[in-house]
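*Asks:* Sequence isn't available, so here's the structure alone:
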Ligand code: FES
Ligand code: FE
């Protein structure tokens, strides 16, 4: 359990202790109070179209299989852990199978998790096979094709959890004429820093002109003028950040209802964070998988447009690669500066406080639970930590 008291880690003027990113006990407490008690994104229905389709991923740190039942078509989220002696039973990132067979001693499970067979079973007396299926998460629900699961049998419904964020997810799902699909697969990155740094960096417009200077310079060369991104961030009143409640937030730079993104190929008209582990940037689903206090995996899934031509979708992939690919002009800069250098700097602990107060004095309550901020404010970070604080302490910030 936590070695530090989470209620001491955020001050009223929004200084945040560095321990929030480094303390292993706090990480363990987060797994319990955030990841084992709230709705977690696990997969998209386009990955699970046929009976027997599955993906493997993580719910918090716990390995799971998200599987479409071959019999009744239901989606189950199963712990990827053999009931015999604990080996994970499925290794592929996605596929189609009617069963999962553990490689250690051959116990076999149906794709709904039930135990189908024990090898050489005369060696056991009195095992209750009905009790020995893969453990299922008690709640699975989806919104606009995005599948979420919860370890908690009771609590707010998915729709209650999503609240003001739900219409944004609906807009995401309508990007192509017939919807979206994640059929290009995942592009995975891993870094030695805390998972919350990835969430914080997802809507951090303050950093763009600094970390992505070289990208802006290349763009300026190409178009023959400084690109308007930084000017828009600092002065365009239509670019804004929104605290959507429950830890969710958005940066709007187009029309979030119509999906109008001013003609950028594949891109959404907003960036979006769904608490605690799902983000949308450009044309990408970003699934954040915490591994330990100082290690994180992020899976990036470019969203292809159903009903569009191969050329159109290939174009979306090329745009994704040009910024986020290993030789891209942006993603690796974020890993270097926003994750690696922050993790490095946080090893200096004599004065252990960071500032997330940018724009606090100009937050504007919308009257319906949402809070509006300027594009360059740290409002999305505060939105996230308000829910984090609530989950970790039961109190309000
Ligand atoms: Fe799976 Fe033994 S650990 S069959
Ligand atoms: Fe960035």
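*Replies:* Here it is on my side, so go on. Since the structure is predicted, the reported quantities are computational estimates derived from the model, not experimental observations. Ligands and ions are numbered 1, 2, ... in the order given.
*Asks:* Based on its surroundings, how many neighbours for the residue of the stretch 251-397 of the chain found nearest ligand 1?
*Replies:* Nearest to ligand 1 in the stretch 251-397 of the chain, going by Cβ to the nearest ligand atom, is residue 291, at a distance of 22.6 Å. C-beta: built from backbone N, CA, C; applies to glycine. Other residues lying near residue 291 total 16 when counted by other Cβ atoms under 10 Å.
*Asks:* Use 5 as the first number for this chain going forward.
*Replies:* That works, and once the first residue is 5, the last one we named lands at residue 295.
*Asks:* okay, now the closest residue to it other than its chain neighbours: neighbour count?
*Replies:* Spatial nearest neighbour of residue 295, chain neighbours left out: residue 301 (6.0 Å); criterion: Cβ to Cβ, 6 or more residues apart in numbering. If you count neighbours by other Cβ under 10 Å, residue 301 ends up with 18.
*Asks:* which residues sit in contact with residue 301?
*Replies:* Counting by Cβ atoms under 8 Å, 6 or more residues apart in numbering, residue 301 makes contact with 192-194, 293, 295.
*Asks:* mind giving me TSV with those and columns for secondary structure?
*Replies:* Listed next are those as TSV, based on DSSP: H, G, I helix; E, B strand; the rest coil:
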residue	secondary structure
192	strand
193	strand
194	strand
293	strand
295	strand
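*Asks:* Taking the residues you listed, please make a ChimeraX selection of just the buried ones.
*Replies:* Provided next is the ChimeraX selection string for whichever of those are buried by 16 or more other Cβ atoms under 10 Å:
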select :193,293,295
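*Asks:* so can I have TSV of the contacts of residue 301 showing distance to residue 265 and pLDDT?
*Replies:* Converted to TSV, those look like this (distance: Cβ to Cβ, whole Å; pLDDT from 0 to 100):
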residue	distance to residue 265	pLDDT
192	26	95
193	24	95
194	30	96
293	28	98
295	33	98
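*Asks:* with the contacts of residue 301 in mind, which one is nearest to residue 155?
*Replies:* residue 293 (15.5 Å; Cβ to Cβ).
*Asks:* close enough to count as contact, residue 142 and residue 82?
*Replies:* No. Applying Cβ atoms under 8 Å, one finds residue 142 not in contact with residue 82, separated by 11.8 Å.
*Asks:* of these two, who's got more company?
*Replies:* A direct count of neighbours by other Cβ under 10 Å for residue 142 and residue 82 places residue 82 higher, at 26 against 12.
*Asks:* residue boundaries of the strands in the stretch 155-304 of the chain?
*Replies:* Assigned by DSSP state E, counting those that start in this stretch, the stretch 155-304 of the chain shows strands spanning 184-185, 191-195, 244-249, 252-256, 274-278, 282-285, 288-296, 299-306.
*Asks:* Pull out the buried positions in the fourth one.
*Replies:* Translated: strand 252-256. Buried residues in strand 252-256 (16+ other Cβ under 10 Å): 252-256.
*Asks:* so what's the most far-flung residue of the chain relative to its centre scoring on pLDDT?
*Replies:* In the chain, the residue that sits farthest from the middle, by Cα atoms, centre = their mean, is residue 126; the gap is 45.3 Å. pLDDT, residue 126: 95.
*Asks:* Residue 330 now?
*Replies:* Residue 330 is assigned 88 on the pLDDT scale.
*Asks:* which SS class is it?
*Replies:* coil.
*Asks:* Leaving out chain neighbours, which residue sits closest to it?
*Replies:* residue 336 (6.8 Å).
*Asks:* Now for that neighbour, how many residues are close by?
*Replies:* Residues near residue 336, counting by other Cβ under 10 Å: 15.
*Asks:* What parts of the stretch 5-154 of the chain come near ligand 1?
*Replies:* Proximity of the stretch 5-154 of the chain to ligand 1, by Cβ under 6 Å from any ligand atom, involves residues 86, 88-91, 106, 108-111.
*Asks:* And for the nearest residue to residue 363 once chain neighbours are set aside, the neighbour number?
*Replies:* Leaving aside its sequence neighbours, residue 363 sits nearest to residue 381 (Cβ to Cβ, 6+ apart; 2.6 Å). For residue 381, the count of nearby residues is 26 (other Cβ under 10 Å).
*Asks:* is it true that residue 37 touches residue 398?
*Replies:* No. Using Cβ under 8 Å as the test, residue 37 is too far from residue 398 to be in contact (9.1 Å).
*Asks:* And those two? Which one has more around it.
*Replies:* residue 37 (18 against 9).
*Asks:* Surely that one forms part of a helix?
*Replies:* Yes. Assessed with three-state DSSP, residue 37 lies in a helix.
*Asks:* Need the per-residue pLDDT for it.
*Replies:* For residue 37, the model assigns a pLDDT of 97.
*Asks:* Name whatever forms a beta bridge with residue 67.
*Replies:* In this entry, residue 67 is beta-bridged to residue 62, by DSSP bridges.
*Asks:* And it, how far from residue 282?
*Replies:* In this view, residue 67 and residue 282 are 18 Å apart by Cβ to Cβ, to the nearest Å.
*Asks:* Residue 212 now?
*Replies:* On the measure of Cβ to Cβ, residue 212 and residue 282 end up 21 Å apart.
*Asks:* Of the two, give the one with the bigger neighbour count.
*Replies:* Higher neighbour count among residue 212 and residue 282: residue 282, with 23 against 18, using other Cβ under 10 Å.
*Asks:* Give the full set of residues in contact with that one.
*Replies:* So residue 282 contacts 45, 150, 289-292 (Cβ under 8 Å, 6+ apart).
*Asks:* so where's this protein shaky on pLDDT?
*Replies:* 5-6 (pLDDT under 70).
*Asks:* Turn the strands of the stretch 155-304 of the chain into TSV, including distance to residue 357.
*Replies:* Formatted as TSV, the strands of the stretch 155-304 of the chain follow (distance: least, Cβ to Cβ, whole Å):
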stretch	distance to residue 357
strand 184-185	41
strand 191-195	23
strand 244-249	22
strand 252-256	22
strand 274-278	23
strand 282-285	26
strand 288-296	23
strand 299-306	22
